[in-house]
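Novice: Here's a sequence, model it:
(2 chains)
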2 protein chains.
Amino acid sequence: MLATSKRSNAIPTSAVRQLAAYEQEATKKGVKVLHLNIGAPDLDVSSVFFQRICAIESHQLQYVPSAGVPELIQEVQTYYKNMGASFEKNEIYVTTGGSEALLYAFIALCEAGDRLLVPEPLYSNYISIAKVVEVEIDGIPTTIEEGFHLPSKEEIVRHIHPKTKAILLSNPANPTGVTYSVEEVKRIAEIAKEHHLWIIADEVYREYIYDGFATKSFSLLPEVAQQTVIIDSISKRFSACGARVGFLLTKNQELAAIFLKLCQSRLSGTTLEQIGAAALYREDMDFIRRSIPEFKERRDVMCDLLAKVPGVTLRKPEGAFYLMVGLPVEDSLDFSKWLLTEFAVDQTTVMLTPGAGFYTTPDKGKNEVRIAYVLNIESIKKAVAIIEAGLKAYNQR
Amino acid sequence: MLATSKRSNAIPTSAVRQLAAYEQEATKKGVKVLHLNIGAPDLDVSSVFFQRICAIESHQLQYVPSAGVPELIQEVQTYYKNMGASFEKNEIYVTTGGSEALLYAFIALCEAGDRLLVPEPLYSNYISIAKVVEVEIDGIPTTIEEGFHLPSKEEIVRHIHPKTKAILLSNPANPTGVTYSVEEVKRIAEIAKEHHLWIIADEVYREYIYDGFATKSFSLLPEVAQQTVIIDSISKRFSACGARVGFLLTKNQELAAIFLKLCQSRLSGTTLEQIGAAALYREDMDFIRRSIPEFKERRDVMCDLLAKVPGVTLRKPEGAFYLMVGLPVEDSLDFSKWLLTEFAVDQTTVMLTPGAGFYTTPDKGKNEVRIAYVLNIESIKKAVAIIEAGLKAYNQR
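Specialist: Numbering: from 1, shown residues only, chains lettered A, B, ... in the order given. Just a heads-up that it's a prediction; the model follows:
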């Protein structure tokens, strides 16, 4: 019989996009949807990106080097140098978004059946991408009450499995916004060192840190340099998600050679966006510094207003632009769906991301939602008012 | 101990790119290299592509729908409709180049350890991409003498393994340029039907057929519609390799749902190139018809000149822009390397692709090279003269 593969059937439906059909329904009815569900900031990409692309003189569009366009690799090398991290050019690989970088890291480090250890709640696409290549994820439990900070070394080590190959974490983190202290970063490095694990450090939100909270990039820890992969991207740094330009960085030469083979297997990344990305690094590194005050204000307004909503649990996170929030409902998927299909204030409703998709542990996060504060202040105020009214109406049905 | 994965170590080095280091050496010495080694035509992309991209008004660059930009899906649907093939919008998935389309097809149809049956010599990246997801390839042997046309049904069936999940073929083919007759296409369909195999039909060179040779797209065979995946791309059709816009098409709904999940696992393809690609389909479908006479002339000149070189074996292919050529050498890798490092005529040499990388069967193709006739006529003439002089000098060392 003709069948599709078991491994592809095991890939979960995207938690972020599973409500898309209901959203379309709402839109069809003329209801405006405020998107708190996806981490795509509403900021314009710096105009240098488009200017550079439209100034390309040759209209030949050939494959670029598999590892990436040299001028972009050069800029990324300089960017890291300015951070105090030293990467050679052949230690930097340009990928089609952070997603491809994660996929390649998982393939390079894990056999099918191997496992990754990840602080939970975790970025749901980690689960999907891992499943694509038959890698399993174990969560390190963290809680809203502790602001999703890491448990003790002993508690983390307890979750290492004989098949665990790497600790994967995002810092600042999606979906919680938690940013790990220097001590927490070093705790992870110590565990990796002692237990012979790779570190996959997803630092795409690196600059999104508020109130001067101190953390440290894993690229600055020489003691684990040979066992570290950095995942990076221009998506958040330059508000350019749709450009699909990401990066893999490692000081480990054996691993770098594998990344090159993986990049060669798909010949070439994109051309225009890589050239545009080089211009962003070269000409507008200030972009992120200009955006930070705006995101800080959004976070503060969002948290302060949500904290006043009866039954809501949250801690103000240190970074990124996400919050995991506990709601006074039993099933946040049902509530999110209800908001889209049966509720509106002034013909406007809110799209949330149900929390369960961010957990590998069954039954966890069922009363939680992830909120991305990527809208302007006025929309954030409106959104929280809708959530508050929605919770009241939903619980009185 | 910290190790990289066995599966990633099993990925071969790209056959097309393995000579890159020697090429750089040649260039450093001031030797000009004529590139017959990579299938990137020297034609400009139609200016409508750049015009459309530079006319984008919004400078927000958010994730596009995982399945692709709606206006591009619409154009691709129309393109197939004009060919006589009917695909619904949810049967078309835009991928990051044909490479991602192949990767997703292999994951969706095969478990690790499953096998694909492919006419050999075959596109070497099929091997790399399959290895990335632990899929093995078995070759159906074809020969220069028979112009790389398919053997009998019985002979093909002999190569089916209990773990064979699909027949994969490109038509017109990379690396041989062979184009299968309508009867050969139906032969494959019959075998797939009788032996319950999927068909993965890579038709990215669909329009590159000379002298009116008659073939048929697998998208036009209703009897195998439920077991067929079409791989397509704008790379060759619009000479836009570097845009990385490819497609997966299937009428099988279960498979289509898996393609959607795979696309969702990486959130979004590229934005600018998809919008540009839509403009190419909408405004310049004539591009390919304008290019065909030029490619036909290149093929004719290349084949006629090469046929006169002593010891060279070839058959003039019906399509694409490749030739597999037998050379009077024992080891075409060594010869190709020698051309780059030790030989030049008027400070100019030629880069070829050694044939062995296009075979899975050990020791096959060692005296063959793939030639891509993607240069202008003058360069082609110069290249053949260099090959002829090179062969003479190489064999008299």
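Novice: How about stretch A:127-140, which residues are buried there?
Specialist: A:127-140 (16 or more other CB atoms under 10 Å in any protein chain shown). In this view, the C-beta of every residue, glycine as well, is placed from N, C-alpha and C.
Novice: now, among those residues, which is nearest to chain B?
Specialist: residue A:128 (4.0 Å; CB to the nearest CB).
Novice: The closest one is in contact with residue A:8, isn't it?
Specialist: No. Between residue A:128 and residue A:8 there is no contact under CB atoms under 8 Å: 11.2 Å.
Novice: who touches both of those two?
Specialist: Counting by CB atoms under 8 Å, 6 or more residues apart in numbering or on different chains, the shared contacts of residue A:128 and residue A:8 are residue B:261.
Novice: who's in contact with stretch A:309-320?
Specialist: A:144-148, A:170-174, A:176-179, A:205, A:208-211, A:213, A:215, A:236, A:299-300, A:303, A:306-307, A:323-328, A:384, A:387-388, A:391.
Novice: Name the nearest residue to the residue nearest the centre of chain A, ignoring sequence neighbours.
Specialist: What sits nearest the mean C-alpha location of chain A, by CA atoms, centre = their mean, is residue A:174, with 4.7 Å. With sequence-adjacent residues excluded and distances taken as CB to CB, 6 or more residues apart in numbering or on different chains, residue A:174 is closest to residue A:123, at 4.5 Å.
Novice: quick one, what contacts that neighbour?
Specialist: By CB under 8 Å, 6+ apart, the contact list for residue A:123 reads A:170, A:173-175, A:202, A:358.
Novice: Identify the farthest-apart pair in these.
Specialist: Farthest pair in those (CB to CB) is A:202 and A:358. Separation: 14.3 Å.
Novice: Have a look at chain A and report the helix or strand with the lowest mean pLDDT.
Specialist: The weakest-scoring helix or strand in chain A, judged by mean pLDDT, DSSP states H and E, is helix A:20-28 (a mean of 90).
Novice: Just the C-alphas of the helix or strand that it is followed by, formatted as CSV.
Specialist: The first helix or strand that comes after helix A:20-28 along the chain, using DSSP states H and E, is strand A:32-35. C-alpha atoms of strand A:32-35 as CSV (Å, rounded to 0.1, in the frame of the first residue of the first chain):
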residue,chain,number,x,y,z
LYS,A,32,-10.5,42.9,13.1
VAL,A,33,-7.9,40.6,14.7
LEU,A,34,-5.2,42.0,16.9
HIS,A,35,-2.2,39.6,16.5
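Novice: Buried residues, strand A:32-35. List them.
Specialist: In strand A:32-35, counting by 16+ other CB under 10 Å, buried: A:33-35.
Novice: Next, format these as a markdown table and append pLDDT and distance to chain B.
Specialist: What follows is the buried residues of strand A:32-35, written out as a markdown table (pLDDT from 0 to 100; distance: CB to the nearest CB, whole Å):
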| residue | pLDDT | distance to chain B |
| --- | --- | --- |
| A:33 | 96 | 14 |
| A:34 | 96 | 15 |
| A:35 | 93 | 10 |
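Novice: ok, so of the buried residues of stretch A:127-140, who is nearest residue B:230?
Specialist: Of all those, residue A:132 has the smallest distance to residue B:230: 21.4 Å, by CB to CB.
Novice: Correct me if wrong: the closest one contacts residue B:263.
Specialist: No. Using CB under 8 Å, residue A:132 makes no contact with residue B:263, being 11.0 Å away.
Novice: how close does residue A:329 sit to chain B?
Specialist: Residue A:329 sits 26 Å away from chain B, taking CB to the nearest CB, to the nearest Å as the criterion.
Novice: What is the burial count for that residue?
Specialist: 20 (other CB atoms under 10 Å in any protein chain shown).
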